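A.B. asks: Let's see this in three dimensions:
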Amino acid sequence: ATTTATTTTTAPTTTTKTTTAAVTTSVATTTREAFCYDLEAELEMNEAQQYEGNVEASAAGTARLRLCSNGTASASFRVEGAWSDILATHIHRCNGGSTPQTRTSVLCQGPPVVAFCGDNAPGQMDVGTPYTQPCGALAADHTAETSDAEGALVEENTNMTMDELMRDIIGDPESYYFNVHSDWSRMHAYPATDEGMCRGELRLVIPTTTTAQAAATTAPPHSSSSECFFMFSQMVANELQQYEDNPEADMSGYADIVICTNGTLRASVQIFGGVPTIIAMHIHRCSGGETPQTRTAELCGGGAVVNFCGDNSPGLLSNGVDTYPEPCTMAARGEFFASIAEMVGVVAPAAGASTPAEVEALVRDMDANPDSYFFNIHTVASFTHWYPGHRGMCRGPLQRS
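C.D. replies: Next up, the predicted model:
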């Protein structure tokens, strides 16, 4: 998404009630602080339910979920083209798969890990955890909808707690899908429990308008108007960063990024799986690569073009030059979650963009070619292991919001 304004992102706010923004901070009734995220799923006919005579072959719909790092979850959905009552709804986790498609939530299979609405009557779809409420009744126009169904952990299908599972879904939504089961689909798939009527992969919802975007009024330093681009990155420890006994192998993260043609650069980051000692955060630009994979931001190499927070101490990534505008002071939110909001970014010396026109060109290239750029987080552990190389702890391609 784009807008013509000078803008910055806003730090997560703390409230006593969950709001409807895609990234907010709320305090649960136990006063435990939690970060909540909105996710969505476009529900389409399940490939496994394609057979001659299926009256629900055109079933489709949408689902909207709110997942919080303190373990709370809720889901609302609407389906069309149903010819039987909705029997159950779940989040499923992908399990195995022999192709890229069947390893992600597009076509993967796997057990339910969170149960929402459903029928708790004996002989129905019992997953070992009671459903929190019945699903909405089928209407005469073959639609059905349910609002704000609370989620419950299906303990027998995961070794994670609800807190851990919510953080895992937020950090890796493409490994999960929302599944809607009808009486008709269950009869066809019985005794299997993972083949619903329609399903959809989970995706983080990124707001197209934020308070900062609407209220930004500060005059840009280089021109009377500036075009800003809103981007994000979902980070994981990828193949380039895997090594034996890596203490940070399970860490992941999410970055919300604003880049403007006048040189205004901002980022807010959440990290899941621990509270590491971070020495630098960058946006890197891909260079070289011998295969299609290593020429894009998933696995490419390349130098930093934007510096956010970092440690300017001699011997670390700054090489003694003050190239980071602030230290990476992470706010720990429990043992497995940390965040830093509203980091100021500067163009890195290696970017070769020293004039306003060159900075604008760099920003526009990031917007036009996001798969050639990646957000990268460097820690003390990753720096020590990869020295004198600098692969970082976890990374993710830039994506447009």
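A.B. asks: what about residue 165, which helix or strand?
C.D. replies: For residue 165, the enclosing helix or strand under DSSP states H and E is helix 162-171.
A.B. asks: which outside residues touch that helix?
C.D. replies: When contacts are taken as CB atoms under 8 Å, 6 or more residues apart in numbering, the neighbours of helix 162-171 outside the stretch itself are 37, 39, 67-73, 91, 113-114, 153, 158, 160, 175-176, 202, 204, 234, 236, 252-254, 272-273, 336-337. Just so you know, the C-beta spots here come from the backbone N, C-alpha and C atoms, and that holds for glycine as well.
A.B. asks: what pLDDT, on average, does that helix get?
C.D. replies: Here the mean pLDDT over helix 162-171 is 86, rounded to a whole number.
A.B. asks: what's near enough to touch residue 361?
C.D. replies: So, once contact is read as CB under 8 Å, 6+ apart, residue 361 ends up touching residue 353.
A.B. asks: Residue 172 versus that one, what's the distance?
C.D. replies: Taking CB to CB, to the nearest Å as the criterion, residue 361 is separated from residue 172 by 34 Å.
A.B. asks: Likewise for residue 258?
C.D. replies: Shown here: residue 258 relative to residue 172, a distance of 24 Å by CB to CB.
A.B. asks: which of the two has more neighbours?
C.D. replies: Of the pair residue 258 and residue 172, residue 258 is the one with more neighbours under other CB atoms under 10 Å, namely 24 against 18.
A.B. asks: how near is the closest residue to residue 286 other than its chain neighbours to residue 73?
C.D. replies: In space, residue 286 comes closest to residue 300 once its chain neighbours are excluded; the distance is 3.6 Å by CB to CB, 6 or more residues apart in numbering. Distance of residue 300 to residue 73, given as CB to CB: 35 Å.
A.B. asks: Next: residue 81.
C.D. replies: Taking CB to CB, one finds residue 81 at 26 Å from residue 73.
A.B. asks: for residue 137, same thing?
C.D. replies: Taking CB to CB as the measure, residue 137 falls 23 Å from residue 73.
A.B. asks: same deal with residue 280?
C.D. replies: When CB to CB is applied, the distance between residue 280 and residue 73 equals 34 Å.
A.B. asks: and what of residue 380?
C.D. replies: When CB to CB is the yardstick, residue 380 and residue 73 sit 34 Å from each other.
A.B. asks: Which of these two has more residues huddled nearby?
C.D. replies: In this comparison of residue 380 against residue 73, neighbours counted by other CB under 10 Å, the higher total goes to residue 73 at 23 against 15.
A.B. asks: Looking at this protein, which helix is longest?
C.D. replies: Among all segments of the chain classified by DSSP state H, the helix with the greatest residue count is helix 356-368.
A.B. asks: Please report the distance of residue 160 from residue 125.
C.D. replies: Distance of residue 160 to residue 125, computed by CB to CB: 22 Å.
A.B. asks: One more: residue 396?
C.D. replies: Here the distance between residue 396 and residue 125 works out to 36 Å (CB to CB).
A.B. asks: Residue 95 touches residue 113, doesn't it?
C.D. replies: No. In this structure, residue 95 sits apart from residue 113 without contact. The criterion is CB atoms under 8 Å, and the distance is 10.1 Å.
A.B. asks: if you count what's nearby, which of those two comes out ahead?
C.D. replies: For the pair residue 95 and residue 113, the greater number of neighbours falls to residue 113 (24 against 14), based on other CB under 10 Å.
A.B. asks: which ones are touching that one?
C.D. replies: Contact partners of residue 113, counting by CB under 8 Å, 6+ apart, are 90-93, 153-154, 157-158, 165, 176.
A.B. asks: Now with 10 Å, please.
C.D. replies: Residue 113 makes contact with 90-93, 127, 129, 151, 153-158, 160, 162, 165, 168-169, 176 under the criterion CB atoms under 10 Å, 6 or more residues apart in numbering.
A.B. asks: ok so residue 281 is a strand residue?
C.D. replies: Yes. With DSSP: H, G, I helix; E, B strand; the rest coil as the criterion, residue 281 is assigned to a strand.
A.B. asks: measure it to residue 269 for me?
C.D. replies: Distance from residue 281 to residue 269, counting by CB to CB: 7 Å.
A.B. asks: and for the two, which residues touch both?
C.D. replies: When contacts are counted by CB under 10 Å, 6+ apart, residue 281 and residue 269 have 253, 255, 308-309, 328, 340, 343, 375, 377 as shared neighbours.
A.B. asks: List the ones among the residues you listed that fall in strands.
C.D. replies: Among these, DSSP state E puts 253, 255, 308-309, 340, 343, 375, 377 in strands.
A.B. asks: need the helices for the stretch 301-401 of the chain, in chain order.
C.D. replies: Secondary structure of the stretch 301-401 of the chain (DSSP state H, counting those that start in this stretch): helices at 356-368, 380-386.
A.B. asks: For residue 315, which of those is the nearest?
C.D. replies: helix 380-386 (9.7 Å; CB to CB).
A.B. asks: helices and strands around that closest one, which ones?
C.D. replies: Helix 380-386 sits against strand 278-285, strand 373-379, with contacts defined as 3 or more CB pairs under 10 Å, 6 or more residues apart in numbering; DSSP states H and E.
A.B. asks: from what I can see residue 128 touches residue 90, true?
C.D. replies: No. Between residue 128 and residue 90 there is no contact under CB atoms under 10 Å: 11.6 Å.
A.B. asks: Looking at those two now, which is surrounded by more residues?
C.D. replies: Neighbours were tallied for residue 128 and for residue 90 using other CB under 10 Å; the higher tally belongs to residue 90 (31 against 12).
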